[in-house]
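Enquirer: Take this sequence and fold it.
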Amino acid sequence: MSSSVQTTEAPKTGPISMAVGLVRTARPKQWVKNVLVLAAPFTAGRVADGGVLLSALIAFVAFSLAASAVYLVNDAIDVESDRAHPKKRFRPIAAGIVPVPAAYAAAAVLAAASIAVALTTGWPLALLLAIYIVVQLGYCFGLKHQPVVDLCIVASGFLLRSMAGGLAAHIPLSQWFLLVTAFGSLLMVAGKRYAEIRLFEDTGAEIRSSLRKYSSSYLRFVWATSAAVLIMTYGLWAFEIRQRTHSVWAVVSMVPFVVAVLRYAVDVDGGKAGAPDEIALKDRVLQALGVLWFLAVSLAFYL
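Expert: Residues are numbered from 1 along each chain as shown. Prediction:
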């Protein structure tokens, strides 16, 4: 009589494995979000200035370090729940490759480094990074379970990124620029959550626990309101740019912008609004509208 014994291979541990695990947990692939630091210099017509570009690059590096610190803390806090998850259990901390104390230590080093890098441009960017880190840590330690607050915190991450390049280069930020980026961020976050809860309602697929406190109708209200305010504030911003630059192209840019928002709303309404970058890579029409908008705004500032 034979019996079979199932064994689970222990995760590889050691300095090299832990270092690789720390890099994976830092999620360098997510650093692409930090390209948003170019938003303020671009819309101020100063993206071609070498000094401004250098400041934006510093802001990019500082935000990348800060975001990675937050990812490390988040995975360290969620280690037990991740181990019970069919996919997340393979994350380095949950799998035992990276000890929790090492994750916290690495996070502290990255957070300190991000502030130090930001200080090379002055205190405004350093203060912004400090606010970002504190808010995101609040999210990790419990605010992500608070309805509405969690949406606003995630959206604030995109808003602060879009402000960073301007603060680093000491460029005054337009009130309309801030409103457009704020409600654009909220639209993307609410749209993504709406898609997740629609998937849950239709198929019963697993979703994050905080989403169980929302209804699809409420999230639909949030993204629809955000889209409306976004279009209105962008129109006001475009007319302000026209007065400043005396170029009609700023007003022309409203056409591809509004059509793009409405096109994006089609994906949101159908429950297909996953990560915004994934939608942009799949929707050719949205890509074409983005190119037209970019050209119109470029002509407004640089012609």
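
Enquirer: And the host helix or strand of residue 217, what does it pack against?
Expert: For residue 217, the element it lies in under DSSP states H and E is helix 216-245. Helix 216-245 makes packing contacts with helix 175-203, helix 249-252, helix 254-269, helix 284-302 when contacts are defined by 3 or more CB pairs under 8 Å, 6 or more residues apart in numbering; DSSP states H and E. The C-beta positions use only the backbone N, C-alpha and C, and glycine is treated the same way.

Enquirer: Give me whichever of the ones you listed is most buried.
Expert: helix 175-203 (a mean of 21; mean count of other CB atoms under 10 Å).

Enquirer: May I see the buried residues of stretch 106-125?
Expert: Buried positions in stretch 106-125, judged by neighbour count with 16 or more other CB atoms under 10 Å: 106-107, 110-111, 113-115, 117-118, 121, 125.

Enquirer: err, stretch 72-90, not the other one
Expert: Neighbour count says stretch 72-90 has 72-79, 82, 88 buried, by 16+ other CB under 10 Å.

Enquirer: Same question for stretch 36-56.
Expert: Buried residues in stretch 36-56, counted by 16+ other CB under 10 Å: 36-47, 52-53, 55-56.

Enquirer: low pLDDT regions in the stretch 101-250 of the chain?
Expert: Applying pLDDT under 70 to the stretch 101-250 of the chain flags residues 202-210.

Enquirer: do that again at 80, thanks
Expert: The model of the stretch 101-250 of the chain has pLDDT under 80 over residues 198-212.

Enquirer: Please name every helix or strand in contact with the helix or strand harbouring residue 165.
Expert: Per DSSP H and E, residue 165 falls inside helix 149-168. Helix 149-168 sits against helix 39-43, helix 50-77, helix 123-140, helix 175-203, with contacts defined as 3+ CB pairs under 8 Å, 6+ apart.

Enquirer: what about those, which gets the closest to residue 229?
Expert: Proximity to residue 229 (CB to CB) singles out helix 175-203 among the helices and strands packed on helix 149-168, at 4.6 Å.

Enquirer: before we move on, the earlier item: what is the nearest of the buried residues of stretch 36-56 to residue 181?
Expert: Relative to residue 181, the closest of these is residue 39; by CB to CB it sits at 6.7 Å.

Enquirer: Contact partners for the nearest residue to residue 171 once chain neighbours are set aside?
Expert: Sequence neighbours aside, residue 44 is the residue nearest to residue 171 in space, at 4.8 Å (criterion: CB to CB, 6 or more residues apart in numbering). Taking CB atoms under 8 Å, 6 or more residues apart in numbering, we find residue 44 in contact with 166, 171-172, 301.

Enquirer: Out of those residues, who's the most crowded?
Expert: In terms of neighbours by other CB atoms under 10 Å, these top out with residue 166 at 29 neighbours.

Enquirer: Spatially, what comes nearest to it if we skip its sequence neighbours?
Expert: Excluding the flanking residues, the one nearest residue 166 by CB to CB, 6+ apart is residue 40, at 3.0 Å.

Enquirer: picking that back up, need the buried residues of stretch 72-90 in TSV (columns: distance to residue 24 and pLDDT).
Expert: Below are the buried residues of stretch 72-90 laid out as TSV (distance: CB to CB, whole Å; pLDDT from 0 to 100):
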residue	distance to residue 24	pLDDT
72	10	93
73	15	93
74	14	90
75	10	89
76	14	90
77	17	90
78	15	84
79	15	84
82	13	76
88	13	79
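
Enquirer: I'd like the residues you listed as CSV, with distance to residue 130 appended.
Expert: CSV is the format used below for those (distance: CB to CB, whole Å):
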residue, distance to residue 130
72, 17
73, 15
74, 18
75, 22
76, 20
77, 20
78, 24
79, 26
82, 28
88, 29
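
Enquirer: related to what we said a few turns ago, would TSV of the helices and strands packed on helix 216-245 with distance to residue 223 be doable?
Expert: Converted to TSV, those look like this (distance: least, CB to CB, whole Å):
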stretch	distance to residue 223
helix 175-203	4
helix 249-252	26
helix 254-269	6
helix 284-302	16
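
Enquirer: you'd agree the residue nearest to residue 166 is up against residue 165?
Expert: Yes. Counting by CB atoms under 8 Å, residue 165 is a contact partner of residue 40 at 4.6 Å.
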